[in-house]
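K.L.:
Got a predicted structure here, sequence first:
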Amino acid sequence: IWFGTRGSQVQILPPRPLMKINKVVVIGSGTMGSGIAAHLSNANIPVTLLDLKTEITEEAKRRIINSRPPLLVDKSKIENITAGNIQDNFDVVKYADWIVEAVVERIDVKHQLYDKIFKLKKKDSIVSSNTSSIPLKVLSKNLSEKDKSDFCITHFFNPVRYMGLLEIVKNDFTNKEKIKFLKSFCESSLGKGVIICNDTPGFLGNRVGVYAMQVAMTEAFKMKLSVEEADAIFGRPMGIPKTGVFGLYDLIGIDLMSDVLKSFIKELPETDPFQIVAKDIPIIPKLISKGYTGRKGKGGFYRINKSKGARVLESLNFQTEEYSPVKKIDIKIDKVDLKELISRDDKYGKYAWSVLSKIIKYASSLIPKITKEFNDIDEALRLGFNWTKGPFEMLEEIGLKNFFSRIDDFKNNKFLENLYKNKNENFYGERQKYTNIQTLGKIKQNPIKIDKNDSAEIFRFKDYNIVEFTTKANALDYKSMDALKKATDKPLIIINESMQFSAGVNLNYVMDFAKKKDFKSIEKFIKYFQETCKHLKYCKNPVVSAPSGLALGGGFEIILQSNFVASHNNIVMGLVETIVGLIPAGGGCKELLWRWSQTEEGKKDLDYAPLKVFEIIGYAKTATSPIEAVPLMFLNSQDKKIMNRNSLFTEAKSLLDKNKKFLVPAECKFKLSGEQVREKMHKLLEKLYNEKKILDHGLEVGKELAYVLSGGKTDSKKELKEDDLFNLELEAFMKLIEKDKTQERIFHTLTTGKPLIN
Ligand code: NAI
């Protein structure tokens, strides 16, 4: 059953003879089992996936291939997974180095399975459960002491490829060496942030994360806030994903959340403050019984209603228990500023303080009994819930003096009592203690700050600079360019800790000028953007981009014109400007054209590169991993591809160290056939137009793109410089941004998040 294995087998340090993970068996092919199998196969590790029947695992494989966002870094990785069933293929357990159990959350089913596994498994292999709520001591109740030493919980988060957190739960019986080994394997091969936890309910992430959700929900009920209002506060303004609390409930599943709460109620002592917020909320069973279990059901706190042919997003009113169209809440905050948020003299400020203070109080009450490292709680919330700051960092930001002047009481909370006594505002200390990797987060604690504006920060570390964008989704504007330009006086790393590298040029910023018909200012900005990108490529110091998350449009143009790239495995990159009726104008057309013209085919046929790039940019193609990016020439094969996001900084730094004697690249020269290739592009456009795949404005945008990529008024004998192409890009961009139909597209995308076809 191990046939069909692709890729190299991964051998992990430390090189103890029995401690290698070359083969894994995952049992249970539901949401989590299939996610874990997919991610192991991303790391080129052969996996056998077992379920009650082979048809179930075969179906799981189909789900993995078609998953959105994709669980695989490349579809071919599916060949690392072999499907089987627990009757006919259980023998594979004999040969596996690691057996991961991810079956239904039922102790009887799990116990039966362990009986079978421990009878068959080879000596020293590791067995783990993905349970989210059953204690390790209960799971391992029937095991011998030796078997207990090979057993632990590996609690992955959904979706496995994208969520950074892995909690490994151990107790006194677990073999310490094995845990150390498993941690290092999951960190280096699977790229997870691994936090070792004690066997306590909900471990760290869910204990505080689910508590936070419950507080956000119960306080919203108490203060009579609407679903939208609560999510508008317990969301971006707190550095929490915009799904907030009610959106997240719908995403996870209201029924699943209800089960999770039941288990917390059962496992936690009656005096634990969690009990108060986990109690039955009358609306929840009503929703579940009517099939409103969240996004997977008919809807939940939000639902999509089809009314007169249109899809309308509606939210639930708690008083009337009826749905009505969602109201946009504008609390006029576009940056996370907790101090400002909690001191607002309105219901939003009161809600924010009430929720935040309870979370901080609860999280600190868990120190030192649940964990000695308060920093681990913060990191669990970052990696497992995508918060930008954990509760203790929030406390640090609010400031001790401010916090203690507002908080009611904190009796029996040793952690807070100590802070109160010592009054040490700088209590925080090191970050990311769970890993030995030198992360950006760690070095950012004591760097020299060179400069800071509204859009970016520049740090100096040793002999190089770091630029971190700081806007929403790291959208780019004039000030982002200022920072990049200023920072090239030293070798430069462009990297950040937030979810996205950069979602592209800030379209709100562009639209503000467009609304005032101030096109001169847009032109000035695009010119500056081009100048900056050119400077990144040709200045005397090397520039490395280290992206993770979205790197789209202008964000991707920065990467294209960096000298080196160290890319995380979870990226979405591409030039998507045509979707909003524009074309790439920061050198994106030029740079892709250059790369494709350097291929064998490109050197033979002048029209090969323009036609390829026309297709890539015209269709706004994106790559969802570095592996997919290479055939599109978004990345080249030497660019570094990195599984663990924490390693981005070290890898970027090592690129600079290796290239101390950096040679500034020679400027590119282009030969393009002008009219000749343009005609071919126009033919393609006409076909799409006649088939109604594009409409009037699509045709117009396509023609502008064709003009740029064909070299404008040129022919195969003339030579064009980079500046000529920059000018063509700028001209086409300006023509398009002045059109109403482009502005309609931008407005539509900004307000709905969706493309407009016009
Ligand atoms: P699921 O319901 O999606 O999948 C469970 C799978 O186990 C099904 O395919 C079922 O056919 C199979 N199964 C049942 N009995 C079996 C047996 N005796 N042998 C082999 N396969 C069997 O469940 P899900 O969500 O994947 O959860 C699995 C585990 O992961 C649970 O322990 C759960 O608590 C935990 N977990 C779930 C998370 C989530 O977000 N869904 C997050 C973290 C942990």
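P.N.:
All right, it came through fine. Numbering: from 1, shown residues only.

K.L.:
And for residue 668, the neighbour number?
P.N.:
17 (other C-beta atoms under 10 Å). (Glycine included, C-beta is placed from N, CA and C.)

K.L.:
That one: what's it in contact with?
P.N.:
Taking C-beta atoms under 8 Å, 6 or more residues apart in numbering, we find residue 668 in contact with 590, 594, 722.

K.L.:
Over to residue 163?
P.N.:
Applying C-beta under 8 Å, 6+ apart, the residues near residue 163 are 156-157, 383-384.

K.L.:
in this protein, what secondary structure element scores lowest on mean pLDDT?
P.N.:
strand 448-452 (a mean of 82; mean pLDDT, DSSP states H and E).

K.L.:
Quick one: list the elements packing against that one.
P.N.:
strand 456-461, helix 478-486 (3 or more C-beta pairs under 8 Å, 6 or more residues apart in numbering; DSSP states H and E).

K.L.:
Figure out which of those is closest to the ligand.
P.N.:
Nearest to the ligand among the helices and strands packed on strand 448-452 is strand 456-461 (34.9 Å), distances taken as C-beta to the nearest ligand atom.

K.L.:
residues in contact with the host helix or strand of residue 251?
P.N.:
Counting by DSSP states H and E, the element that carries residue 251 is helix 246-252. By C-beta under 8 Å, 6+ apart, the surrounding residues in contact with helix 246-252 are 213, 217, 220, 227, 230-231, 241, 243, 257, 294-295, 299-302, 315.

K.L.:
could you pull out the helices for the stretch 301-450 of the chain?
P.N.:
338-342, 347-365, 374-385, 391-398, 400-406, 414-422, 440-443 (DSSP state H, counting those that start in this stretch).

K.L.:
a markdown table please, covering these and showing distance to residue 605.
P.N.:
Output for those, formatted as a markdown table (distance: least, C-beta to C-beta, whole Å):
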| stretch | distance to residue 605 |
| --- | --- |
| helix 338-342 | 58 |
| helix 347-365 | 61 |
| helix 374-385 | 48 |
| helix 391-398 | 56 |
| helix 400-406 | 67 |
| helix 414-422 | 69 |
| helix 440-443 | 43 |
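
K.L.:
for those, which one ends up most surrounded?
P.N.:
helix 374-385 (a mean of 24; mean count of other C-beta atoms under 10 Å).

K.L.:
what angle separates it from helix 347-365?
P.N.:
120 degrees (axes from the mean of the first three to the mean of the last three C-alpha atoms, to 10 degrees).

K.L.:
Contacts for helix 374-385 next, please.
P.N.:
Outside helix 374-385, the residues touching it (C-beta under 8 Å, 6+ apart) are 157, 163-165, 167, 193, 195, 197, 203-206, 208-209, 212, 240-241, 363-364, 366-367, 371, 387-393, 415, 428-434.

K.L.:
Per-residue pLDDT of residue 10, please?
P.N.:
pLDDT recorded at residue 10 is 49.

K.L.:
The closest residue to the ligand within the stretch 651-758 of the chain: what's it in contact with?
P.N.:
Residue nearest to the ligand within the stretch 651-758 of the chain: residue 753 (24.4 Å; C-beta to the nearest ligand atom). With contact set as C-beta under 8 Å, 6+ apart, residue 753 has no partners.

K.L.:
per-residue confidence for residue 17?
P.N.:
On the pLDDT scale, residue 17 gets 46.

K.L.:
no, scratch that, I was asking about residue 5
P.N.:
Note on residue 5: pLDDT of 41.

K.L.:
which of the contacts of residue 668 tops the neighbour count?
P.N.:
residue 590 leads these on contacts (other C-beta under 10 Å) with 30 neighbours.

K.L.:
can you pull the contacts of that residue?
P.N.:
668, 670, 722, 725-726, 729.

K.L.:
please redo it, this time with the cut-off set to 7 Å
P.N.:
When contacts are counted by C-beta atoms under 7 Å, 6 or more residues apart in numbering, residue 590 touches 722, 725-726, 729.

K.L.:
Which PyMOL command selects the buried ones in those?
P.N.:
Buried residues among the contacts of residue 590 (16 or more other C-beta atoms under 10 Å), as a PyMOL selection:
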select buried, resi 722+725+726+729
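
K.L.:
Which of the contacts of residue 590 fall in helices?
P.N.:
The helices, defined by DSSP state H, take in 722, 725-726, 729 from those.

K.L.:
Using TSV, lay out those residues together with pLDDT and distance to residue 614.
P.N.:
Formatted as TSV, the ones in helices among the contacts of residue 590 follow (pLDDT from 0 to 100; distance: C-beta to C-beta, whole Å):
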residue	pLDDT	distance to residue 614
722	97	19
725	98	14
726	98	18
729	98	14
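
K.L.:
State which one residue of the stretch 351-500 of the chain is found closest to the ligand.
P.N.:
Counting by C-beta to the nearest ligand atom, the stretch 351-500 of the chain gets nearest the ligand through residue 384, at 9.7 Å.

K.L.:
let me fix that: the stretch 501-650 of the chain
P.N.:
For the stretch 501-650 of the chain, C-beta to the nearest ligand atom, closest residue to the ligand: residue 570, 18.0 Å.

K.L.:
Surely that residue touches residue 162?
P.N.:
Yes: under the criterion of C-beta atoms under 7 Å, residue 570 makes contact with residue 162 at 5.7 Å.

K.L.:
quick one, which of the two is more surrounded?
P.N.:
residue 570 (23 against 16).

K.L.:
who's in contact with the more buried one?
P.N.:
Residue 570 touches 161-162, 548-549, counting by C-beta under 7 Å, 6+ apart.

K.L.:
Filter these down to just the ones in strands.
P.N.:
Under the assignment DSSP state E, the contacts of residue 570 contribute residue 549 to strands.

K.L.:
now, which of the contacts of residue 570 lie close to the ligand?
P.N.:
Applying C-beta under 6 Å from any ligand atom to these, one finds that nothing falls near the ligand.

K.L.:
Go through the contacts of residue 570 and name the one nearest residue 406.
P.N.:
residue 549 (34.8 Å; C-beta to C-beta).

K.L.:
which non-adjacent residue is nearest that closest one?
P.N.:
residue 500 (4.0 Å; C-beta to C-beta, 6 or more residues apart in numbering).

K.L.:
Please, which helix or strand holds the one you found?
P.N.:
Secondary structure (DSSP H and E) places residue 500 outside all helices and strands.

K.L.:
Look up phi and psi at it.
P.N.:
When read as degrees, to the nearest 10, the backbone of residue 500 gives phi -110, psi 140.

K.L.:
now do residue 171
P.N.:
phi -140, psi -170.

K.L.:
Pull the number of nearby residues for residue 482.
P.N.:
Counted with other C-beta under 10 Å, residue 482 comes out at 18.
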